[in-house]
Every structure is written in structure tokens, then in C-alpha cells.
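model this:
(one chain, ligands or ions: 1)
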Amino acid sequence: MNKRRRIYEGKAKVLYEGPEPGTLIQHFKDDATAFNAKKHALIEGKGVLNNRISEYIFVKLGEIGVPTHFMRRMNMREQLIREVEIIPLEVVVRNVAAGSLATRLGLEEGTALPRSIIEFYYKADKLNDPMVSEEHITAFGWATPQEIDEVMSLALRINDFLVGLFLGIGIRLIDFKVEFGRHWENDQMRIILADEISPDCCRLWDVATANKLDKDRFRRDLGGVLEAYQEVARRLGVLTENRPPKGAGPVLVTSNGTKPN
Ligand code: UDP
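Next comes the predicted model:
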């Protein structure tokens with residue numbers, strides 16, 4: 001493979017220079033980290049699953065009119081994306097109390113919230129991504145009031161869509177984290193969804209059993225991390241495509257993925 005210029009390396013992804021100006025290649029690694037990278041492991045196959053799951057969700061969101069950075073999947077681990085200027089905020093949307101909210105407010109995990117709640121965290125590893133308010137965001141110039149309005153409205157649309165999407169496959173969307181970026185087209189700036197949406201950044205509980213199908217399996221040493229991610233991918237219907245059959249030669253498939261008669 002040609003040497004590509006690495007633009008940025010994060011905990012679970014690498015960004016490379018894209019084939020055209022204004023594009024990047026987002027590469028999903030198998031690394032899993034938690035507690036600001038104090039805990040680290042390799043979960044073989046996680047990157048491939050997250051690439052697929054995130055692609056599926058971003059494409060679906062695009063179809064309902066949510067602008068995203070996703071352009072196309074390039075291979076098992078990589079997707080072509082639009083280059084954006086990331087707004088330095090982690091935007092968390094919550095439907096049910098869990099994780100840091102449950103701890104902070106003394107709520108029992110699993111308690112439904114009176115309504116969906118949006119929280120902002122300032123992206124700064126050195127500071128452990130502190131929670132911030134709109135006051136901090138505007139005072140320090142991380143985003144304007146108009147941008148915050150747009151981010152909140154997009155986050156709620158994404159939440160409404162994802163709650164329904166996951167409920168349809170027997171999964172309760174407890175909470176998730178998204179990131180947004182500024183994208184310029186002919187001097188026009190608009191805010192678009194960036195980063196990824198995968199079990200790495202969502203809490204997903206099986207409706208019937210309340211089993212966790214997300215990164216909490218890693219954070220809390222519950223085991224079966226890859227199996228949980230596979231289950232999410234399988235239910236979304238993204239697992240079976242493009243899997244070379246073991247021991248067989250190449251199989252001719254039509255553009256819609258079916259074998260020709
Ligand atoms: N989250 C994330 N990255 C972070 C922090 C949180 O993707 O750096 C996600 C997390 O997976 C969960 C949601 O945001 O779905 C809310 O996380 P919470 O604030 O409860 O923090 P945690 O308990 O994960 O530390």
C-alpha cells in the first residue's frame with residue numbers, strides 16, 4: 001500500500017489524508033480504551049465491526065436529512081469522509097440514567113429520564129473531558145450560540161431516529177456520544193455530524209434481557225465484548241455482506257450483493 005500521510009491518530013481511529021482535497025480516510029483500529037486510556041486492550045475485529053455499524057447508521061441518518069461527514073466505505077476498516085473542523089465538544093444525549101449521570105446524581109442505572117437530556121463535555125484529554133455548560137462554550141469561543149442551537153437540534157433528531165432504529169431490533173438506546181464539525185462549501189459553513197456512531201460510544205441494552213451490547217462490557221470487565229458488537233451488527237443486518245466463504249474461491253456477486261443464477 002502507498003505510504004499515506006497520517007493526519008491524526010486517536011484512541012480508536014486514525015485519520016489519513018484522503019484522495020482529494022477536502023477528504024480524509026477514517027481508519028478504525030481494534031484498540032479499546034477506557035478511563036481516559038488508563039485501560040487499554042486490543043479486541044480483534046472490533047474496528048471492522050465499528051466501520052460497518054457506523055457506516056450503516058451514518059447512511060441512514062443521511063437518508064433522513066442529517067448532514068454527515070460520511071462519503072463511502074473504502075474497505076473493511078476504512079471510510080472516506082469529508083474533512084471538517086471539529087467542534088471541540090463531546091455531545092452526549094441520554095434517555096435513561098447510566099454511567100457518569102447515574103453516579104453524579106445518585107440515580108439507579110436504568111431509570112428512564114423525564115425527557116432526553118443533552119450534555120456537553122470539552123474535548124481535552126489532559127483535563128479528562130470536563131462537563132461544560134453553554135456559558136463556558138460561548139465564553140471561550142468553542143461554538144457560537146447559533147452553532148449550539150444547531151448542534152442540539154441535530155443531536156435530538158439523531159436521538160429520535162436511533163431510538164426507533166434500535167428499538168426495532170430489540171435494543172434500548174440508553175445514551176450515546178456524538179461529535180460535530182464545521183464544513184465549508186463555497187464559503188457557506190454548515191455543521192455536520194462527524195466521528196462515528198458505534199457500540200464504542202453508545203449504551204445499548206437488549207430489550208428482553210437488559211444485557212449490555214456496548215463498550216461497558218470492556219469498561220466493566222464483563223467479557224464477550226466482540227460478541228456483543230457482533231450481535232449489534234448482526235441485528236442491523238450488516239454482518240453477513242462481503243464475507244469471503246472459508247476455503248472457497250472468489251464468488252461472483254451482482255451489484256446488489258446476490259449471487260447470479
Ligand atoms: N462516551 C464516549 N466517549 C467518552 C465518554 C462517554 O463515547 O469519552 C459515551 C459513553 O459510551 C456513553 C455516553 O457517552 O454512551 C455517556 O457516557 P458517560 O458520561 O456516562 O461516561 P462513562 O460512564 O462512559 O465514563
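
only C-alpha atoms for contact and neighbour calcs from this point on.
Will do.

Next up, phi/psi of the residue lying closest to Leu239 once chain neighbours are set aside, please.
The spatially closest residue to Leu239, leaving aside those adjacent along the chain, is Ala233, at 5.4 Å (C-alpha to C-alpha, 6 or more residues apart in numbering). Main-chain torsions, Ala233, degrees, to the nearest 10: phi -60, psi -40.

Count the neighbours of Ala233 for me.
21 (other C-alpha atoms under 10 Å).

Please apply the same query to Ile192.
22.

Over to Lys177?
23.

coming back round to it: and the residue nearest to Leu239, what is it in contact with?
Counting by C-alpha atoms under 8 Å, 6 or more residues apart in numbering, Ala233 makes contact with 49, 52-53, 239.

swap in Ile148?
Glu134.

thinking again about what came up before, farthest pair within the contacts of Ala233?
Across these, no pair lies farther apart than Ile53 and Leu239, at 8.8 Å, counting by C-alpha to C-alpha.

Looking at those two, which one has more neighbours?
Neighbour count, other C-alpha under 10 Å: between Ile53 and Leu239, Ile53 has more, with 24 against 17.

Quick check: that one touching Cys202?
No. With contact defined as C-alpha atoms under 8 Å, Ile53 does not count as touching Cys202 (11.7 Å).

Any regions of this protein where pLDDT drops low?
1-2, 240-261 (pLDDT under 70).

So which residues on it come close to the ligand?
92, 98-101, 175-177, 200-203 (C-alpha under 6 Å from any ligand atom).

let's go with 8 Å and repeat that
Within the chain, the positions near the ligand by C-alpha under 8 Å from any ligand atom are 34-36, 90-94, 98-102, 129, 174-178, 199-203, 214-216.

Any quick PyMOL command for the buried ones out of the residues you listed?
Applied in PyMOL, the following selects the buried portion of the residues of the chain next to the ligand according to 16 or more other C-alpha atoms under 10 Å:
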select buried, resi 34+90+91+92+93+94+98+99+129+174+175+176+177+178+199+200+201+202+203+214+215+216
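
Assign the residue nearest the centre of the chain to helix, strand or coil.
Most central in the chain under C-alpha atoms, centre = their mean is Ile197, positioned 1.7 Å from the mean C-alpha point. Of the three states, Ile197 takes coil under DSSP: H, G, I helix; E, B strand; the rest coil.

Quick one: name whatever helix or strand follows the helix or strand where Ile81 lies.
Following DSSP states H and E, one finds Ile81 within strand 78-82. Going down the chain from strand 78-82, the next helix or strand is strand 85-86, by DSSP H and E.

got a list of contacts for that next one?
179-183, 194.

which outside residues touch stretch 188-205?
Contact with stretch 188-205 is made by 50, 53-54, 57-58, 66-70, 84, 86, 147, 150-151, 171-184, 211-216, 229, 232, as judged by C-alpha under 8 Å, 6+ apart.

hmm, 7 Å instead?
Contact with stretch 188-205 is made by 50, 53-54, 57, 67-69, 171-184, 211-215, 229, as judged by C-alpha atoms under 7 Å, 6 or more residues apart in numbering.

what separates the longest strand along the chain from the chain centre, distance-wise?
In the chain, with assignment by DSSP state E, the single longest strand is strand 171-185. Taking C-alpha atoms, centre = their mean, to the nearest Å, the mean C-alpha location of strand 171-185 is offset from the chain mean by 7 Å.

Next: stretch 161-169.
Computed by C-alpha atoms, centre = their mean, the chain-centroid distance of stretch 161-169 equals 15 Å.

Strands of the stretch 101-250 of the chain, start to end?
112-122, 131-132, 171-185, 188-194, 202-206 (DSSP state E, counting those that start in this stretch).

which other residues reach the shortest one?
With C-alpha under 7 Å, 6+ apart as the contact definition, strand 131-132 has outside contacts at 120-122.
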